[in-house]
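Asker: Sequence first, predicted model second:
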Amino acid sequence: METSALSSIDIESTLDAMAAALSNQLAAAGITRPLVVGIHSGGVWIAEALFKRLRLTEPMGTLDISFYRDDFTRIGMHPEVKPSDLPLSVEERHIILVDDVLHTGRTIRAALNEIFDFGRPASVRLVTLVERGGRELPIEPNVVGIRLMLSADQHIKLTGPSPLKLSMTAAPHNAEEPDSGV
Amino acid sequence: MSEPVPPAHRWGSLQKTANLQLGPNGRLRHFLTLEGLPRTILEQILDTAQSLVGVTDRTVKKLPLLRGKTIVNLFFEPSTRTRTTFELAAKRLSADVLTMNISASATKKGETLLDTLRNLEAMHVDMFVVRHADSGAAHFIARHAAPHISVLNAGDGRHAHPTQAMLDMFTIRHHKGEFHRLRVAIVGDILHSRVARSQIHALNILGTGEVRVIAPKTLLPSCPESLGVQVYHNIDEGLRDVDVVIMLRLQRERMGSALLPSGHEYFQLYGLTEDRLSLAQPDVMVMHPGPINRGVEMDSQVADGPHSVILQQVSFGIAVRMAVMSLAMRSSEAIARDLPA
């Protein structure tokens, strides 16, 4: 995967296509009032973009999964944590969980655990801008913007919120972490 | 206090504590005093606590972060509030927690501090929370504990009570935002107060505009200005235009030792009343580490009044202690790095 190929991706039209696909899925399932929840930081930006396109009115939620990571014992506390904020009860609600890059699946595992500590949702759908292979857990997205095949030592990062841009990075998100699957 | 702490570990040699508190990567390792800690560490504690405040509103009031870790509260000195909030903080983080009131058990049988420590280490403990009547006790334990153990100071003698000071900083930041614009007055027994000492360090590290202490001469250390504070002996002058008033608890045992007049006379001279509070800024906030002696340090109307944030301090105390526990808990990589190759 070359850096030039990444920067040529039109994220705005990708988001349009994702919103359309999500809208169809929700209609088919008869879901009218989904609750959108973005994972900090990139997932929140993507969630906001989809939120606007789907013309939803109820407040959006955000999750910081630092307190639910599975590598705490090994690497300790993530140095920057943002508050998780779920403005509405998740009880019996249909959740649209949004992240920027789906890699190992560990972030999503942590996010699901966190959501269930807020209550018992009716269903959870997963939407990600990028799906890059390398899964270590049985987690698959319902809606994907772009599928990339990357080798284990290649890492991509979303910068934003405006403009949203994908770029290659030498190391994972946080230099202190070995590949954390974020 | 029956428990001997070697004199070498008392006041004089505590200056080096800051190095002991940070690991080679600059992360928190032990939390013993605020003196010498960088501002970034204090801000990281406050920011992490901010993310933890909301946990109590969830269906499940618990995070899995310290699951499988064992925390032992070593309380060599009695305490209710600090002990229960540390215990609750550990439980909210899913740690296994055990509280030992040691004055009532081992030391009565003649066991030394180090023997107690070694015995607990053998039970595979990951963190000690230490409260002791002698200054330097937590520091002593941190110095002698096995490398995988982190130590938090829950109050040592007259030296420091860093988590109390951090929960006070959290409460101030919650209501007032930036510290550089603020005038903060600390009123009462500065001399004997580990809380005041830690608060003064914290306020100065965070760049507070002006820190004042208000106390009679008998309740001030010999060179109070060296702590980086403005000294007032008259409370009416000292309270003028302040944004925050922190009242200290008056330890009744100090009365009658010639340092203090009666409680009634102290209240006349230094008690916080609504009239006196009106000299401060209109949106002044009133704090107290508890427990309050009503009618000695402050009027009940002030303690229960609209400016008081005293009960909020208690709830924030849990989040701040959760933050310190999460940040100081040793990771397996950090332990491996510290062990000799």
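Answerer: It's in.
Asker: tally of neighbours for residue A:125?
Answerer: Neighbour count of residue A:125, defined by other Cβ atoms under 10 Å in any protein chain shown: 18. Where C-beta positions appear, they are placed from N, C-alpha and C, glycine not excepted.
Asker: what is it paired to in the beta sheet?
Answerer: Beta-bridge pairing for residue A:125 (DSSP bridges): residue A:96.
Asker: Looks like it contacts residue A:98 (just checking).
Answerer: No - using Cβ atoms under 8 Å, residue A:125 is not in contact with residue A:98; the gap is 9.3 Å.
Asker: just checking, what packs against the lengthiest helix in chain A?
Answerer: Secondary structure assigned by DSSP state H gives helix A:11-29 as the longest helix of chain A. Judged by 3 or more Cβ pairs under 8 Å, 6 or more residues apart in numbering or on different chains; DSSP states H and E, the packing partners of helix A:11-29 are helix A:42-53, strand A:94-102, strand A:123-131, strand A:143-147.
Asker: Can you tell me what sits against it?
Answerer: For helix A:11-29, contacts defined as Cβ atoms under 8 Å, 6 or more residues apart in numbering or on different chains pick out A:32, A:34, A:46, A:49-50, A:53-54, A:94, A:96, A:123, A:125, A:127, A:129, A:142-146, A:163-166.
Asker: and with 6 Å instead?
Answerer: For helix A:11-29, contacts defined as Cβ atoms under 6 Å, 6 or more residues apart in numbering or on different chains pick out A:49-50, A:53-54, A:143, A:145, A:164.
Asker: which among those residues end up buried?
Answerer: Those of the contacts of helix A:11-29 that meet the buried threshold are A:49-50, A:54, A:143, A:145, A:164, by 16 or more other Cβ atoms under 10 Å in any protein chain shown.
Asker: count of residues packed around whichever residue of the stretch 1-150 of chain B sits closest to chain A?
Answerer: Residue nearest to chain A within the stretch 1-150 of chain B: residue B:60 (4.0 Å; Cβ to the nearest Cβ). When neighbours are counted by other Cβ under 10 Å, residue B:60 registers 13.
Asker: so it touches residue A:117, yeah?
Answerer: Yes - at 4.0 Å, residue B:60 counts as touching residue A:117 under the criterion of Cβ atoms under 6 Å.
Asker: Can you work out which residues contact both of these two?
Answerer: With Cβ under 6 Å, 6+ apart, residue B:60 and residue A:117 have no common neighbours.
Asker: For the stretch 151-300 of chain B, just list every one of the strands.
Answerer: Secondary structure of the stretch 151-300 of chain B by DSSP state E, counting those that start in this stretch: the strands cover B:183-187, B:210-214, B:230-232, B:244-247, B:285-287.
Asker: can you list those in CSV and add mean neighbour count, mean pLDDT and distance to chain A?
Answerer: What follows is the strands of the stretch 151-300 of chain B, written out as CSV (neighbours: other Cβ atoms under 10 Å in any protein chain shown; pLDDT from 0 to 100; distance: least, Cβ to the nearest Cβ, whole Å):
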stretch, mean neighbour count, mean pLDDT, distance to chain A
strand B:183-187, 25, 98, 26
strand B:210-214, 23, 97, 28
strand B:230-232, 16, 97, 35
strand B:244-247, 27, 98, 24
strand B:285-287, 23, 97, 22
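Asker: Dump those to TSV, plus distance to residue B:328.
Answerer: Formatted as TSV, the strands of the stretch 151-300 of chain B follow (distance: least, Cβ to Cβ, whole Å):
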stretch	distance to residue B:328
strand B:183-187	26
strand B:210-214	26
strand B:230-232	33
strand B:244-247	25
strand B:285-287	25
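Asker: From residue B:137, how far off is residue B:113?
Answerer: Per Cβ to Cβ, to the nearest Å, residue B:113 is found 7 Å from residue B:137.
Asker: neighbour-wise, which of the two wins?
Answerer: Between residue B:113 and residue B:137, residue B:137 has the larger neighbour count (other Cβ under 10 Å), namely 28 against 23.
Asker: Which residues of chain A lie near chain B?
Answerer: Residues of chain A lying near chain B by Cβ under 6 Å from any Cβ of the partner chain: A:67, A:72-77, A:81, A:83, A:117-119.
Asker: just checking, residue B:142 touches residue B:28?
Answerer: No - if you go by Cβ under 6 Å, residue B:142 and residue B:28 don't touch, sitting 11.9 Å apart.
Asker: Could you look up the SS state of residue B:94?
Answerer: coil (DSSP: H, G, I helix; E, B strand; the rest coil).
Asker: Tell me if I'm right that it and residue B:67 touch.
Answerer: Yes - using Cβ under 6 Å, residue B:94 makes contact with residue B:67 at a distance of 4.2 Å.
Asker: By neighbours, which of the residues of chain A next to chain B wins?
Answerer: residue A:67 (25 neighbours).
Asker: And the residue lying closest to that residue once chain neighbours are set aside, its phi and psi?
Answerer: With Cβ to Cβ, 6 or more residues apart in numbering or on different chains as the criterion, residue A:67 has its nearest non-adjacent residue at 4.5 Å, and that residue is residue B:63. Phi and psi for residue B:63, reported as degrees, to the nearest 10, are phi -120, psi 150.
Asker: Quick check: residue B:63 vs residue B:219, distance?
Answerer: Counting by Cβ to Cβ, the gap from residue B:63 to residue B:219 is 41 Å.
Asker: before we move on, what about residue A:42?
Answerer: Distance, residue A:42 to residue B:219, by Cβ to Cβ: 54 Å.
Asker: Could you list the low-pLDDT ranges of chain B?
Answerer: For chain B, the stretches flagged by pLDDT under 70 are B:1-18, B:104-110, B:253-259, B:261, B:339-341.
Asker: Which residue is the nearest non-sequential neighbour of the closest residue to chain A within it?
Answerer: Closest to chain A within chain B is residue B:331: 3.5 Å, counting by Cβ to the nearest Cβ. The shortest distance from residue B:331 to any non-neighbouring residue, by Cβ to Cβ, 6+ apart, is to residue A:76 (3.5 Å).
Asker: circling back to that earlier point, ok, the residue of the stretch 1-150 of chain B closest to chain A - contacts?
Answerer: Contacts for residue B:60 (Cβ under 6 Å, 6+ apart) come out as residue A:117.
Asker: List every C-alpha atom in the longest helix along chain B, with coordinates, as PDB.
Answerer: Looking across chain B with DSSP H, the single longest helix is helix B:310-328. What follows is helix B:310-328, C-alpha atoms only, in PDB (Å, rounded to 0.1, in the frame of the first residue of the first chain):
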ATOM      1  CA  ILE B 310     -17.800  20.200  51.000                       C
ATOM      2  CA  LEU B 311     -19.900  17.100  50.100                       C
ATOM      3  CA  GLN B 312     -18.800  17.400  46.400                       C
ATOM      4  CA  GLN B 313     -15.200  17.100  47.600                       C
ATOM      5  CA  VAL B 314     -16.100  13.700  49.000                       C
ATOM      6  CA  SER B 315     -17.600  12.300  45.800                       C
ATOM      7  CA  PHE B 316     -14.800  13.700  43.700                       C
ATOM      8  CA  GLY B 317     -12.400  12.100  46.100                       C
ATOM      9  CA  ILE B 318     -13.400   8.600  44.800                       C
ATOM     10  CA  ALA B 319     -12.700   9.600  41.200                       C
ATOM     11  CA  VAL B 320      -9.400  11.200  42.000                       C
ATOM     12  CA  ARG B 321      -8.200   8.100  44.000                       C
ATOM     13  CA  MET B 322      -9.300   5.900  41.200                       C
ATOM     14  CA  ALA B 323      -7.200   8.000  38.800                       C
ATOM     15  CA  VAL B 324      -4.100   7.800  41.000                       C
ATOM     16  CA  MET B 325      -4.500   4.000  41.500                       C
ATOM     17  CA  SER B 326      -4.900   3.500  37.700                       C
ATOM     18  CA  LEU B 327      -1.900   5.700  36.900                       C
ATOM     19  CA  ALA B 328       0.400   4.300  39.500                       C
END
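Asker: So which elements touch that helix?
Answerer: Identification of packing neighbours for helix B:310-328 by 3 or more Cβ pairs under 6 Å, 6 or more residues apart in numbering or on different chains; DSSP states H and E yields helix B:39-53, helix B:81-92, helix B:162-176.
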